[in-house]
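Q: below are the sequence and a predicted model for it; my questions follow.
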Amino acid sequence: RDSDGRTGWGEAPQVWQVTGESLAGARSCIETMLAPGVVGHRLDDAADLATLGARIQGAVARNFGAKAALDAALHDLLAQGLGTSVSDLLGAGDSGIPSCVTTDVTLSAGEASGLAAAARARVADGFATLKLKVGTDATTDVARVRAVRSAVGPEVGIRLDANQGWSRHEAVEVIRALEDAALDVEFVEQPVVADDVEGLAWVRERVDLPIMADESCYGMSDLERIIRLGAADLVNVKLAKCGSLAVGARMLRRAHESGLGTIVGSMMESHVGVGAAAALVAAVPTTRVSDLDAAWWSVHSPVHGGIAYDCNVVRLPDGTGLGITGLSTPQPTSG
């Protein structure tokens, strides 16, 4: 909250298996290490925001979810003070910033019949791009993708996320089988473990389907390594990995300059975190449909205002900042 009574909003997701962060840890990091570097300091313009953003990034190692939460809140505060939106603030006055962005929707890993039914349901909900989780069983991955393709027909986009689930050799074997099956897969995300960037490049050299880096790509140094090694065709930029809207924007622009495709992804965030990510996509458009469905799964938004979903479209708010006006009242459950 600033001296004028405005409140800035941000969110740090708990993702033990990816970032290693917890909600308790993020809260402690913000209160103990990050907030002291920004509380009481001026936030009147972009230069102030850059100064405070640098303090946040330099205060602690990693803790990117905590950093992203405070960074988004500062962007929200400054945009409100300037009477503009976060997307306009990130776009530095670009008049062509859209009021909405498109998202895919995720199908969790499961048996072929269940995945086919889920795929039909999501298409009925209005989604045109499905992200299918694979990598849990290389021997059945192709069959599950085939079941989904048969269920939804040729017009629906299908992309795969292996979540680091394959070895190098398994990745090549499965991806080649997918190619042979002609299932029209858009790309395969993170086929090998995050630390094996050389392995990511090794796989990419041996297959034709585009390869996307996710867990292998946190910030700018990771992106530069991926570019140098030719390890991926696309990258997935997430605020909870890079820790900053400004860093995320730089990563997208650098990826585009180097010829890499891009999406912006979300962890298990609510309308707050996804709202910040959607503002980034609006300001720096990605080359492919982004992955911003996390809050779509929520029965109720935890806040008033902010983004809204219209099938596969994320609508940015009309108000200033992130458009959030306060916490919503929890809805009673039945039964």
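A: Great, that's in hand. Numbers count the residues shown, from 1 in each chain.
Q: now do the residue nearest the centre of the chain, the pLDDT please.
A: The centroid of the chain falls nearest to Gly265 when counting by Cα atoms, centre = their mean (1.6 Å). On pLDDT, Gly265 comes in at 98.
Q: with Pro330 instead?
A: Per-residue confidence at Pro330 stands at 68 (pLDDT).
Q: cool, the one 3 residues further on as well?
A: Model confidence at Thr333, expressed as pLDDT, equals 52.
Q: kindly report the same for Gly40.
A: On pLDDT, Gly40 comes in at 93.
Q: list the residues that contact Leu327.
A: Applying Cβ atoms under 8 Å, 6 or more residues apart in numbering to Leu327 gives the contacts 302-304. Yep, even glycine has a C-beta here, placed from its N, CA and C like the rest.
Q: and it, bridged to which residues?
A: On the basis of DSSP bridges, Leu327 is bridged to Val303.
Q: just checking, Val313 touches Ser99?
A: No: applying Cβ atoms under 8 Å, one finds Val313 not in contact with Ser99, separated by 9.8 Å.
Q: who wins for neighbours among the contacts of Leu327?
A: Highest neighbour count within these: Val303, with 20 neighbours (other Cβ atoms under 10 Å).
Q: ok so, going back, distance check, the closest residue to the residue nearest to the centre of the chain other than its chain neighbours against Phe127.
A: In space, Gly265 comes closest to Asp291 once its chain neighbours are excluded; the distance is 4.2 Å by Cβ to Cβ, 6 or more residues apart in numbering. Separation of Asp291 from Phe127 (Cβ to Cβ, to the nearest Å): 12 Å.
Q: again, but for Leu78
A: 34 Å.
Q: show me the helices in the stretch 51-200 of the chain, by range?
A: Along the stretch 51-200 of the chain, counting by DSSP state H, counting those that start in this stretch, helices occupy 64-82, 86-90, 112-124, 141-152, 168-181, 197-206.
Q: can I get the contacts of Leu327 in JSON lines with distance to Val60 and pLDDT?
A: JSON lines is the format used below for the contacts of Leu327 (distance: Cβ to Cβ, whole Å; pLDDT from 0 to 100):
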{"residue": "Pro302", "distance to Val60": "26", "pLDDT": "96"}
{"residue": "Val303", "distance to Val60": "27", "pLDDT": "97"}
{"residue": "His304", "distance to Val60": "32", "pLDDT": "97"}
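Q: wait, a helix at Asp48?
A: Yes: according to DSSP: H, G, I helix; E, B strand; the rest coil, Asp48 belongs to a helix.
Q: in this structure it contacts Arg42, no?
A: Yes: with contact defined as Cβ under 8 Å, Asp48 counts as touching Arg42 (5.1 Å).
Q: neighbour-wise, which of these two wins?
A: Taking neighbours as other Cβ under 10 Å, Asp48 and Arg42 compare with Asp48 leading, 15 against 10.
Q: ok, the more buried one - contacts?
A: Counting by Cβ under 8 Å, 6+ apart, Asp48 makes contact with 41-42, 78.
Q: quick check, pLDDT for it.
A: Per-residue pLDDT puts Asp48 at 97.
Q: contacting residues for Val185?
A: So Val185 contacts 145, 158-160, 178, 209 (Cβ under 8 Å, 6+ apart).
Q: who touches the closest residue to Glu215 other than its chain neighbours in this structure?
A: Excluding the flanking residues, the one nearest Glu215 by Cβ to Cβ, 6+ apart is Ala194, at 3.7 Å. Neighbouring residues of Ala194 by Cβ under 8 Å, 6+ apart: 164, 215-216.
Q: so how far is Leu74 from Ala194?
A: 29 Å.
Q: isn't there a helix covering Trp9?
A: No: secondary structure of Trp9 (three-state DSSP): coil, not part of a helix.
Q: from Arg55, how far out is it?
A: 20 Å.
Q: picking up where we left off before, between Asp291 and Phe127, what contacts are shared?
A: Common neighbours of Asp291 and Phe127 (criterion: Cβ under 8 Å, 6+ apart): 103-104.
Q: and the nearest residue to Glu173 once chain neighbours are set aside, how far is that from Arg168?
A: Closest residue to Glu173 apart from its sequence neighbours, by Cβ to Cβ, 6+ apart: Ala138 at 7.0 Å. Note on Ala138: its distance to Arg168, by Cβ to Cβ, is 12 Å.
Q: just to revisit the earlier point, which one's more surrounded, Trp9 and Arg55?
A: Shown here are Trp9 and Arg55; by other Cβ under 10 Å, Trp9 has more neighbours (26 against 15).
Q: now the more buried one: phi and psi?
A: Phi and psi for Trp9, reported as degrees, to the nearest 10, are phi -120, psi 140.
Q: give the burial count for the nearest residue to it once chain neighbours are set aside, as a bare number.
A: In this structure, Trp9 finds its nearest non-sequential neighbour in Ile324, 4.7 Å apart by Cβ to Cβ, 6+ apart. Residue neighbour count, defined by other Cβ under 10 Å, stands at 24 for Ile324.
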